[in-house]
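Visitor: the sequence and its predicted three-dimensional model are supplied below.
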Amino acid sequence: MRNSLRGQVDPFIVMDVMEAAARAEAAGRHIIHMEVGQPGTPAPEGARRALANALAQPLGYTVALGLPALRQGIADLYRRWYGVDLDPARVVVTPGSSGAFILAFSALFDAGDRVAMGFPGYPSYRQILRAMSLEPVGILTRPEDRYQPRPQDLPEAQGLILASPGNPSGTVLTVPELAALTEAAAARGMSVISDEIYHGLGYGQRCHSALEVTDEVVVINSFSKYFSMTGWRVGWMVVPPDMIRTVERLAQNLFICPPHASQVAALAALDCIPEAEANLAAYAENRRLMLEGLPRAGFDRIAPPEGAFYIYADVSHLTDDSIAFAAEILEKAGVAVTPGLDFDPLRGHQTLRFSYARATADIAEGLRRLTAFMDGR
């Protein structure tokens with residue numbers, strides 16, 4: 001069979017690291033997972049109970065845009081978190097945030113269009129764009145800017161992806177920064193997509209939505225991170241009013257609907273904020289341990305992680321091959337970490353990402369192993 005050129009995307013390196021870690025575990029080794037951005041906690045108890053109660057009823061197709069009660073619940077969340085009065089008609093429930101990106105890119109761009117994003121950034125932005133015959137354009141961000149793009153650095157392009165908190169950096173855009181970036185993009189005729197999947201996971205000032213500064217934006221979020229529901233594959237997007245029908249037609253044809261079972265659980269999860277906040281307290285403790293322990297181990301060139309559950313480290317003083325370095329850490333220390341090439345194809349050979357999403361005991365053990373590894377290197 002013939003392979004399309006647009007299908008030849010780069011691998012998601014963190015998934016390769018997960019596979020290598022799984023092989024090591026299958027061989028009997030105990031691996032500490034600092035590679036993947038997956039909470040170590042289950043979905044909220046209320047979400048699991050709601051689905052169990054619903055299993056005796058038919059769980060079939062829902063309307064393409066999602067259960068009306070869930071769309072209303074998400075709109076209510078924006079009122080509580082951001083003070084934004086959001087029409088639930090603008091909320092689209094999706095099969096994970098990945099489904100939301102596919103819908104957004106399909107609705108906004110034509111083949112050959114250029115879409116800009118900060119480097120380092122989430123690698124699947126680039127690969128989904130390429131698979132859709134779109135051109136990703138990297139903006140080389142700087143540590144002194146907290147790895148976030150500046151308005152003056154925006155290139156000629158049809159679109160701009162913002163991420164706050166960022167992956168892999170964990171850095172957060174302020175309201176003035178969001179306003180400046182969205183205004184600069186509008187002046188250049190760029191459509192803006194704001195990735196807010198890590199909202200709720202902040203360690204100082206709260207995270208701000210792009211909807212606080214403009215309605216001319218597509219906002220993408222998910223139940224995966226704050227609500228610990230990665231495997232349930234349920235996300236959402238907020239679109240401008242004039243995009244609703246376009247996105248609805250695309251969703252009908254591309255996905256039919258999001259998983260009904262996951263939507264039932266997600267609706268109940270919206271009432272499980274105390275449990276989610278308890279998880280956040282554990283991440284905060286993990287973050288404290290990481291900020292103390294990584295520099296002691298020799299990983300002292302890091303971005304300030306204001307949100308999410310990642311630390312992005314410059315390891316240029318230690319290696320020029322982050323993939324080989326991550327493999328060495330896995331082999332000799334039993335700790336899985338992510339090479340920076342996932343996030344920055346130009347400079348990522350000198351960076352690593354550490355996740356602290358797992359249990360606090362695992363983080364403490366991982367730091368002990370990393371220190372011992374670096375002491376003996």
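Guide: That came in fine, so what should we check first?
Visitor: can you give the domain ranges for this structure?
Guide: 13-42+274-375, 57-271 (automatic domain parsing).
Visitor: how far away is residue 222 from residue 60?
Guide: Distance of residue 222 to residue 60, computed by C-beta to C-beta, to the nearest Å: 23 Å. The way it works is simple: take the backbone N, C-alpha and C, and place the C-beta from them, glycine included.
Visitor: try residue 337
Guide: For residue 337, the distance to residue 60 - C-beta to C-beta - is 42 Å.
Visitor: and residue 322, by the same measure?
Guide: When distance is defined by C-beta to C-beta, residue 322 is 46 Å away from residue 60.
Visitor: same check on residue 167?
Guide: Look at residue 167 and residue 60: by C-beta to C-beta, they are 34 Å apart.
Visitor: if you count surrounding residues, which of those two has more?
Guide: Legend: neighbour count by other C-beta atoms under 10 Å for residue 167 and residue 60, higher for residue 167 (27 against 7).
Visitor: regarding that one, what is its secondary structure?
Guide: coil (DSSP: H, G, I helix; E, B strand; the rest coil).
Visitor: next, the contact list for it, please.
Guide: 37, 121, 122, 197, 198, 308, 310, 343 (C-beta atoms under 8 Å, 6 or more residues apart in numbering).
Visitor: of all those residues, which comes closest to residue 229?
Guide: In terms of C-beta to C-beta, no member of the contacts of residue 167 lies closer to residue 229 than residue 197, at 11.6 Å.
Visitor: chain neighbours aside, what residue packs nearest to the closest one?
Guide: Closest residue to residue 197 in three dimensions, ignoring its sequence neighbours and counting by C-beta to C-beta, 6 or more residues apart in numbering: residue 222, at 4.8 Å.
Visitor: neighbours of that neighbour, how many?
Guide: For residue 222, the count of nearby residues is 27 (other C-beta under 10 Å).
Visitor: if I look at it, how far off is residue 191?
Guide: Taking C-beta to C-beta, one finds residue 222 at 20 Å from residue 191.
Visitor: again with residue 312
Guide: From residue 312 over to residue 191 the distance is 27 Å, taken as C-beta to C-beta.
Visitor: so between those two, which is more surrounded?
Guide: Higher neighbour count among residue 312 and residue 191: residue 312, with 27 against 23, using other C-beta under 10 Å.
Visitor: which helices and strands sit right next to the host helix or strand of that one?
Guide: Element membership of residue 312, judged by DSSP states H and E, is strand 310-314. With contacts defined as 3 or more C-beta pairs under 8 Å, 6 or more residues apart in numbering; DSSP states H and E, strand 310-314 has these neighbours: helix 273-297, strand 351-355.
Visitor: tell me the most buried of those?
Guide: Across the helices and strands packed on strand 310-314, averaging neighbours per residue (mean count of other C-beta atoms under 10 Å) puts strand 351-355 on top, at a mean of 27.
Visitor: angle of that one against strand 310-314?
Guide: Orientation check (axes from the mean of the first three to the mean of the last three C-alpha atoms, to 10 degrees): strand 351-355 against strand 310-314 gives 160 degrees.
Visitor: show me what counts as buried in the helix or strand that contains residue 364.
Guide: Using DSSP H and E, residue 364 sits within helix 360-375. For helix 360-375, burial by neighbour count (16 or more other C-beta atoms under 10 Å) applies to 362, 363, 364, 365, 366, 367, 369, 370, 371, 373, 374.
Visitor: tell me the contacts of the fifth one?
Guide: Residues near residue 366 by C-beta under 8 Å, 6+ apart: 32, 34, 335.
Visitor: residues near the first one, how many?
Guide: Yep, that's residue 32 we're talking about. If you count neighbours by other C-beta under 10 Å, residue 32 ends up with 23.
Visitor: got the contact list for it?
Guide: Listed by C-beta under 8 Å, 6+ apart, the contact set of residue 32 reads 334, 335, 336, 358, 362, 365, 366, 369.
Visitor: tell me the SS of the residue nearest in space to the middle of the chain?
Guide: With the centre of the chain defined as its mean C-alpha position, the nearest residue by C-alpha atoms, centre = their mean is residue 197, 5.2 Å away. Three-state call for residue 197 (three-state DSSP): coil.
Visitor: the one 10 residues further on now?
Guide: Counting by three-state DSSP, the backbone at residue 207 sits in coil.
Visitor: wait, what's in contact with it?
Guide: Contacts for residue 207 were tallied using C-beta under 8 Å, 6+ apart; they are 164, 165, 172, 196, 198, 199, 200, 201, 307.
Visitor: try it again with 7 Å
Guide: Shown in contact with residue 207 (C-beta atoms under 7 Å, 6 or more residues apart in numbering): 164, 165, 172, 199, 307.
Visitor: angle of the helix or strand bottoming out on mean pLDDT in the chain against strand 351-355?
Guide: Sorting the helices and strands of the chain by mean pLDDT, DSSP states H and E puts helix 13-26 at the bottom, at a mean of 91. Orientation check (the same axes, to 10 degrees): helix 13-26 against strand 351-355 gives 60 degrees.
Visitor: how much space separates residue 290 from residue 301?
Guide: 14 Å.
Visitor: distance of the residue nearest to residue 296 when sequence neighbours are not counted relative to residue 300?
Guide: Once flanking residues are discounted, residue 296 sits nearest to residue 371: 6.1 Å by C-beta to C-beta, 6+ apart. Counting by C-beta to C-beta, the separation of residue 371 from residue 300 is 12 Å.
Visitor: how close does residue 214 get to residue 178?
Guide: Residue 214 is 8 Å from residue 178, by C-beta to C-beta.
Visitor: and the two? Which one has more around it.
Guide: Between residue 214 and residue 178, counting by other C-beta under 10 Å, residue 178 is the more crowded of the two (23 against 16).
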